[in-house]
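In: let me see the structure of the following:
(2 chains)
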Amino acid sequence: MSLRTKVLILFYGITLLLISLLTIWDFYRIGSAVRDILLKDTTDYVKAESLHIAEYLHQGDYYKIMETLKTNPLSEVKDLLVIEGEGYIIASKIQGLVLFERFPEFESLKSLRDTKIKHLEEENLFEIIQPIFFEEELLGFLIVYLDYSYYQDIVKDKVVLSIFSALLVIAVIFVVVRYADRQFSKRISTAIDMLDSIGKGNFNLPDPPRDGGELADLYRHIKLTSEHLKESLISKSFYEKVINSLVEGLIVLDPQGGILEINASFCRIVGSDCRDIRGKNLNDVFPELMRKLKKATKSGKNRERFSCSRTGEEKHYLLFISRHEDIIIVTLNEVTQMVEYERKLTEMSLTDHLTGLKNRRAVEDILSMEMEIARRYERPLCFALIDVDHFKKVNDTYGHDVGDEVLKKLARILKEDLRSPDVLGRWGGEEFALILPETDIKGAEVLCERLREAVEKTTFDKVNKITISIGLTQFKKEDTMNSLVKRADEALYEAKAKGRNRVEIKL
Amino acid sequence: MQTVLSLLFILWVNLSYALVIGTVTDKPSKRYTEYREFSLYLQKKLGEDVDVLFLKSISQMKELIAKGEVDLFIDSLYPSLKACMDGECENKLLMWRNGVRYYRSVVIVRKDSKVRDARDLVNKKIAFEEPFSTTGYLIPFIMLSERDLKLVELRSFHDPVPTGHTGYIFADEEENVVGWVFFRKTSAGALYDLKFDKIVGKNRDMFRKILVSPPIPQQIVSFSRKLDRKKAKRILEILKDMHTDPEGSKVLQSFSNTTKFEELSPHDVKVMEGLKAKIRELGL
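Out: Residues are numbered from 1 along each chain as shown, chains lettered A, B, ... in the order given. So this is what the prediction gives:
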């Protein structure tokens, strides 16, 4: 049920209630007034008539008594009786000239009353008894029976009239209100149509009516508002276009992390539809970013690196945080490629590009680090230099490409037999370095022997078989890198000298 | 207003030369309507103006009839006899009323009254209706006089009756006549039979009739001697045929419930002549 219907029902209900109350009150008032007037008038009339009737009774002019009774002006009087002495009704209104009607039980006025009107109340009658005196002699009585039903009829007529009037008033009010309501609804409909048109983005509204009034003002306001809205929407559209065209993700937050504005790039970063994000709290949408922002806020930083894997692929961003009085504007510039490039650059500086093994620099760094650990914690550490036997002959015979392939394959074979902490690197040319942390010389010897055997058993394309020589040494506390490497190199020399394809140890 | 209307009517009549119908009444306003309908009918049939004159006394009417200013006189028997007493007019028609040609005068007493006979009314009072009532005065007066009662008029029933006489008082209305008798204001009362029956109704047994008159014509139409014979004859014919004409019958109905007009029979004329003699004899 619409509000308007409720208001109308309430209005009619109250009107009907008020009219009903007024009508009831009116009935009561009219009823009392009619009754009082009726009684007073009748009593006055009876008193006045008793004087004439006294004269007529004295003269014996019963005809005039009858005429008087017949022509009494009180139509509500049911009967007018004139009693001669205490014996006879000599005239009554109803029966005309009765003259001498005597009732069997007639002995006194009381019995007359009992006989003539047995049920005063049942018949709605009032009885008024007026003695008739002529020169102080009681000639008889004038008895009037006032018909209450007449009074009731008057009230009933009034009731009907009042109800009819009330219904008429309600009908008139209904018609007027309906008319006014329709007129108002028509105007309101126009206003609604205008607003609907605005809602659909159509700002070409008709001109407001010129008949004045509050509704005309309303139309003018709507039109004015639509024009402002149009301008705002044009501005907003422009603004949206701009921010959505940004490659950078943009998010505007309130101080509590509520998302005030976002752009399409940000939604792509989050991996959700913008409609699911707008209006929510960043903590619910992108908690890792929220943590990062909190951290940055704490440290007062305005630039921060940020990585995440929202779309399953790790991405790297550079955050620019701009804090204002009541908003925080954050832009996310994706720098994944740059980070990868950096990483590659780093990798390239520590890796041998041919074999993919660590280059000499990396090996030296690791060896330095491992030597430090071994010295500090007195842990065993071995170091070996591996050299391909007669590799020059391979290059000379099969060319450098084949030589490179041999080196690549050799690197793979060696790596296969190494443990995870072990570090294999290309030391230079056809020479490899092997760092064996947490390994004593015996274990290292076993490992090196296994490597040598693995290579020996491997068949290389074109070259067929090659062998390696390994110079092995163990780290000593007093060792420097140079001393350690030197001992390994001396051991390698010794292995070469002793016929190659063997492992030589120098402690 | 009604009095003024009547006077204007009379004045107008005096200034015209139309046929004039007269009647005696002390309530002209009550009779005006019925007489007007009647006169208009007569005017239409006669083809000349017909006017009505109401007067309060018989003597005045008698005088105007003698002068030829009233052409037709319609009234009850007693005024009709009085008006034509000296040959000024001729009683020609009688009127049936309520389908009855005649009525009778009755003298009533209470059933429990000691008055058994008219002669018992010596030293007692009797109620008559009014001074020119046929059945309520003339006829009972004659009947009582014929029974040797000496009648004397009293002003009120409170007045004493002179010894050896019978006091009579006019009650003005038949209802009062009956009431006086019943409430013992007078010992007897006189009125016409039909009215008595109507008034007493179921209480009829409370009364006794001590005298009943012979049948008496109710209303009489008398023609002025000065009225043109031909016109008189024409009027007579119109009135006699009136009840056969639907329009006339309707007018008659409204004219005191008249059934028809009928020419007086020789017997009626004889009775009326006898009554005239009595009126002269008793000085009424």
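
In: pretty sure residue B:113 contacts residue B:187?
Out: Yes: using Cβ atoms under 8 Å, residue B:113 is in contact with residue B:187, at 6.4 Å. C-beta: built from backbone N, CA, C; applies to glycine.

In: tell me which of these two has more neighbours.
Out: Counted by other Cβ atoms under 10 Å in any protein chain shown, residue B:113 and residue B:187 do not tie: residue B:187 has more neighbours, with 23 against 17.

In: around the closest residue to that one other than its chain neighbours, how many other residues sit close by?
Out: Among residues not flanking residue B:187 along the chain, residue B:124 sits closest, at 3.9 Å (Cβ to Cβ, 6 or more residues apart in numbering or on different chains). Residues lying near residue B:124 (other Cβ under 10 Å) number 18.

In: tell me the contacts of residue B:124?
Out: B:115, B:161, B:166, B:167, B:186, B:187, B:188 (Cβ atoms under 8 Å, 6 or more residues apart in numbering or on different chains).

In: filter those residues down to the ones in strands?
Out: Judged by DSSP state E, those include B:166, B:167, B:188 as members of strands.

In: for chain B, which residue gets nearest to chain A?
Out: Closest to chain A within chain B is residue B:173: 3.6 Å, counting by Cβ to the nearest Cβ.

In: what is the burial count for that residue?
Out: Around residue B:173 there are 22 other residues, counting by other Cβ under 10 Å.

In: hang on, isn't residue B:31 packed against residue B:21?
Out: No: counting by Cβ under 8 Å, residue B:21 is not a contact partner of residue B:31; they are 11.1 Å apart.

In: could I get the longest helix along chain B in PDB with only the CA atoms?
Out: Within chain B, and with DSSP state H defining each element, the longest helix by residue count is helix B:28-46. What follows is helix B:28-46, C-alpha atoms only, in PDB (Å, rounded to 0.1, in the frame of the first residue of the first chain):
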ATOM      1  CA  PRO B  28     -71.100  32.100   5.100                       C
ATOM      2  CA  SER B  29     -67.500  31.100   4.700                       C
ATOM      3  CA  LYS B  30     -68.300  27.500   5.200                       C
ATOM      4  CA  ARG B  31     -71.000  27.500   2.600                       C
ATOM      5  CA  TYR B  32     -69.200  29.700   0.000                       C
ATOM      6  CA  THR B  33     -67.400  26.900  -1.900                       C
ATOM      7  CA  GLU B  34     -70.400  24.600  -2.400                       C
ATOM      8  CA  TYR B  35     -72.700  27.500  -3.400                       C
ATOM      9  CA  ARG B  36     -70.100  28.800  -5.800                       C
ATOM     10  CA  GLU B  37     -69.900  25.400  -7.600                       C
ATOM     11  CA  PHE B  38     -73.600  25.200  -7.700                       C
ATOM     12  CA  SER B  39     -74.000  28.800  -9.100                       C
ATOM     13  CA  LEU B  40     -71.400  28.300 -11.700                       C
ATOM     14  CA  TYR B  41     -73.200  25.200 -13.000                       C
ATOM     15  CA  LEU B  42     -76.500  27.000 -13.100                       C
ATOM     16  CA  GLN B  43     -74.800  29.900 -14.900                       C
ATOM     17  CA  LYS B  44     -73.400  27.600 -17.500                       C
ATOM     18  CA  LYS B  45     -76.800  25.900 -18.100                       C
ATOM     19  CA  LEU B  46     -78.800  29.100 -18.000                       C
END
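
In: so after it, what's the next helix or strand?
Out: strand B:50-55 (DSSP states H and E).

In: out of the contacts of residue B:124, the closest to residue B:141 would be?
Out: residue B:166 (10.2 Å; Cβ to Cβ).

In: what distance do you get for the closest one to residue A:144?
Out: 40 Å (Cβ to Cβ, to the nearest Å).

In: and residue B:210, what element?
Out: Element membership for residue B:210, per DSSP H and E: strand B:207-212.
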